[in-house]
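Chemist: this one's sequence-less:
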């Protein structure tokens, strides 16, 4: 391939096979490059640069060298790229394929289109077949990355070709991911530890996600362990790969809730927070920024991950991020960016768009861990950059929004001034100061709105600073109410609007405060009486363009109308005060009826809304301004259709739609601040109601009044029960706290009891151990004494035997005493006469006597055994006494006969030991006999108890039989009397009657005969 003259500059790039034969400069990488202004390099002629059909250089010496000649774009590289692709596809040697892929990599940045079209399939084939060689895999991945991504500087790109480049990237990405196996193959290479494989793979997958995110996400989601492989990148010890992994996960988690959940449950929060801490929190570099962006992707609009983040106690780990020192001068741009993202991450967790329960739990967690306190410290610090201060105010706003606990804390925060001022007052001073930045003033307004949101206590405190009884007469301190009034009546239209909207939030859904605000009186000029706040607002509204103001004059009137509409809604007393001024209704009708410009249409719509509120909430207390008369006035001067049309100007306005989207006022220009988010809710609520009210007749109004009264009564009942429920909830909360405290105390006491039980067990174990040791010592001591004793039996053992004998004697006496008691009991049972006259009683008495006789015989046997044992014990005692006498009467040993005496003593000692053992055996036998005697005694006791029970049963039967006999005797006596009376009557009637004596004699004869028969039978 010959090189002709192509311009002033010629670039030669050579790939060398044999560096030793190459005449030019040599590099270790195998390349040689030369930039030559004219002719051929190194003084060689055209004959040295001739190529054959294979594209190899033929030098004059006849040596062939491969050549890659890269010129300016004037030369088309298609043929060369085609030859390199052929080498990749057809070469059998791995080195040849590697060199060809390396050459394609070097061409891929300049000639993306040519390399992409011709080489992509070959590069994918290399990834599939040459997995064993990490170097060629790395080259292939780098080449694919250069094809799909464009890393050139923006300055190097022409404006016209930028769009074409983006289309090219998207097309190559689509070609690559058309086969899902390619993405799966790329995921497998991310498991390789080799740096030259893993990092190009991470970069390539990141580029694919940037171009075709949803499609690649779906492939990764269905791939087995696809997300888990990517999560392993965060644990890589090489920071470059770890940081690229963070960038990859950023692209992976965009707008895909399923992948966000998987990444979160793969411990992503723990790893990312660890990286942020290692990098120095807010003082860290761009790595911290990337981690924060990834955390935002995982948490934003993902309720499951937000709950997991809170339950995992990760909110507590955010507190060190906001620890700002006293010296806040010279913040770096990266620190400002990091802290800005950290504040945004806090806002993601407590955003008003989150479910109320989730946001509330995060708000409470931020208070308990001290995060809110840390944010308030930044809020009141000096030297903080303006954009950080603005974002901090917005963050604090959403942390306290709707959370009573956080709102109460924010109300107690004071600025570090002398004297200390509440933070709310300091912020309001910034809001009404027109020299402050616009975004900062908007942030302060948002903070004030969030402080008052669902906070009746805070609303009351703000309104109380306007009431005459609470105003500081000395003027030493400025209150929130004074600042709001100052902003409301200043010459800056934006301050007027902000103060009016802030005061409207102090009255939001709080009818009692609306009535109290009517008491506020304002001093005008000297000599003139004070006017009410309501009157002053209507005066400024009616003056309109007459007052010279800075900014939009429409903005001031819009703010005042928002305040008046909020004030008069759902407050009939305020409506009456408003209508009492005879100039207000003509002004409103005049504004509505006029044909004004486009900018004034908003004012017309708000005037129509205010007049509609004056009709709907009118209690007809003023005769001249009853509902019917106001409706007639509208119909005559404006027309009902025209009135409804002007009322619709509000909701059709573009700025109204923007304000209705979210609570935070987010406008780029002060003139765009026309509507407030809460006011848009009020308009949406009242627009339809007011339209119906204008077309209603008098009868319908009366019916509606009755319904209203019924609803008011119902609301009063509901309010009463709500208050009762609130009190009960508070009591229940207090009781729960008491239960929790008692549980804690119980756990502490149980822990103490467990500890004491363990201590007692330890003491018992120690006691048992000491007891065992003491027993061993005693045994050892006694064995030593046996060895040492010289005269056979120690006096201690003899005394022990005496004590045992005395003890046995005492026990025998006790047994004899018990036997005597049983004998006496048996005698008593014998002596008790059997009083039962029935055959059953006699048989039971016989059985009792037999048992008594058996017991008596057993007792005699026991007594005999005891007597024998007593005699044996006496014999033993006499033997002991003889032994003692023999020991005391033994003669003193003579020194000459020491051997004989020693033998005699040893014999006597052995005999005494034998006798002692026999005595002990006899004592054991006596103990066994004592046990058997005791058992017999127990059986005798049980038998006696049975006899007692039988005796008591017999006595009870005897008593019952006696009672029955007495009853029979009474009945017989009555019968005898009746018989006698009947006999007397019979005698009187003349009937023959037998005498009682004859009857008795007959009976007596019969009885005698029966007795005789009985005697004969016996």
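Modeler: Cool, got the structure. Predicted model only: the values in this text are computed from it and were never measured. Numbers count the residues shown, from 1 in each chain.

Chemist: CA only for contacts and neighbour counts going forward, please
Modeler: Noted.

Chemist: And the contacts of stretch 182-193?
Modeler: 124, 127-128, 176-177, 197-199, 201-202, 205, 216, 219-220, 223, 226, 229-230 (CA atoms under 8 Å, 6 or more residues apart in numbering).

Chemist: I'd like to know which of those are part of helices.
Modeler: Counting by DSSP state H, those place 124, 127-128, 176-177, 197-199, 201-202, 205, 216, 219-220, 226, 229-230 in helices.

Chemist: Pull out the buried residues from those.
Modeler: 124, 127, 176-177, 197-199, 201-202, 205, 216, 219-220, 226, 230 (16 or more other CA atoms under 10 Å).

Chemist: Looking at pLDDT only, which of those scores worst?
Modeler: Lowest model confidence among these falls on residue 226, which carries 86.

Chemist: and residue 394, what element?
Modeler: helix 386-400 (DSSP states H and E).

Chemist: Let me know the next secondary structure element after that helix.
Modeler: Next element after helix 386-400 (DSSP H and E): helix 404-412.

Chemist: Show the subsequent helix or strand relative to that next one.
Modeler: strand 414-415.

Chemist: for that next one, packing partners?
Modeler: Applying 3 or more CA pairs under 8 Å, 6 or more residues apart in numbering; DSSP states H and E, we find strand 414-415 packed against strand 421-422, helix 423-431.

Chemist: Can you say which of the ones you listed is packed in most?
Modeler: helix 423-431 (a mean of 21; mean count of other CA atoms under 10 Å).

Chemist: Give the other helices and strands that whatever helix or strand comes next after that helix contacts.
Modeler: Toward the C-terminal end, the helix or strand that comes next after helix 423-431 (DSSP H and E) is helix 438-452. Using 3+ CA pairs under 8 Å, 6+ apart, the elements in contact with helix 438-452 are helix 386-400, helix 423-431, helix 456-464, helix 493-506.

Chemist: run the last query once more with 7 Å
Modeler: Using 3 or more CA pairs under 7 Å, 6 or more residues apart in numbering; DSSP states H and E, the elements in contact with helix 438-452 are helix 386-400, helix 423-431, helix 493-506.

Chemist: Now that helix: buried residues?
Modeler: 438-452.

Chemist: Could you pull up the mean pLDDT of that helix?
Modeler: On average, helix 438-452 scores 95.

Chemist: same check, this time on stretch 421-434
Modeler: 93.

Chemist: what's in contact with it?
Modeler: 411-415, 436, 441, 444-445, 479-480, 483, 487, 495 (CA atoms under 7 Å, 6 or more residues apart in numbering).

Chemist: now that stretch, how far from the chain's geometric center?
Modeler: Averaging C-alpha positions (CA atoms, centre = their mean, to the nearest Å) puts stretch 421-434 36 Å from its chain's average.

Chemist: Same question for stretch 110-127.
Modeler: Between the centre of stretch 110-127 and the centre of its chain there are 52 Å (CA atoms, centre = their mean).

Chemist: Please point out which parts of it sit buried.
Modeler: 111-116, 118-120, 122-124, 126-127.

Chemist: Please apply the same query to stretch 214-225.
Modeler: Burial within stretch 214-225, assessed by neighbour count using 16+ other CA under 10 Å, is assigned to 214-217, 219-220.

Chemist: Show me which pair in those is furthest apart.
Modeler: Spanning the widest gap among these are 214 and 220, at 9.9 Å by CA to CA.

Chemist: re the thing from before, please pick the buried ones from the contacts of stretch 421-434.
Modeler: 413-415, 441, 444-445, 479-480, 483, 487, 495.

Chemist: Looking at these, which is nearest residue 79?
Modeler: Distances from residue 79 to the buried ones among the contacts of stretch 421-434, taken by CA to CA, are shortest for residue 441, at 65.4 Å.

Chemist: center of this structure, which residue is that?
Modeler: Closest to where the C-alpha atoms of the chain average out (CA atoms, centre = their mean) is residue 311, at 3.7 Å.

Chemist: and that one, what does it touch?
Modeler: For residue 311, the contact set (CA under 7 Å, 6+ apart) is empty.

Chemist: let's see 10 Å
Modeler: Neighbour list for residue 311: 305, 361-362, 365 [criterion: CA atoms under 10 Å, 6 or more residues apart in numbering].

Chemist: circling back: would you reformat the buried residues of stretch 110-127 as CSV and include distance to residue 283 and secondary structure?
Modeler: Shown next, in CSV, are the buried residues of stretch 110-127 (distance: CA to CA, whole Å; DSSP: H, G, I helix; E, B strand; the rest coil):
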residue, distance to residue 283, secondary structure
111, 41, coil
112, 40, helix
113, 43, helix
114, 45, helix
115, 43, helix
116, 42, helix
118, 48, helix
119, 45, helix
120, 43, helix
122, 46, helix
123, 43, helix
124, 43, helix
126, 44, helix
127, 41, helix
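
Chemist: is it possible to export those to a markdown table including distance to residue 248?
Modeler: Formatted as a markdown table, the buried residues of stretch 110-127 follow (distance: CA to CA, whole Å):
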| residue | distance to residue 248 |
| --- | --- |
| 111 | 26 |
| 112 | 23 |
| 113 | 25 |
| 114 | 27 |
| 115 | 25 |
| 116 | 23 |
| 118 | 28 |
| 119 | 25 |
| 120 | 22 |
| 122 | 26 |
| 123 | 22 |
| 124 | 21 |
| 126 | 24 |
| 127 | 21 |
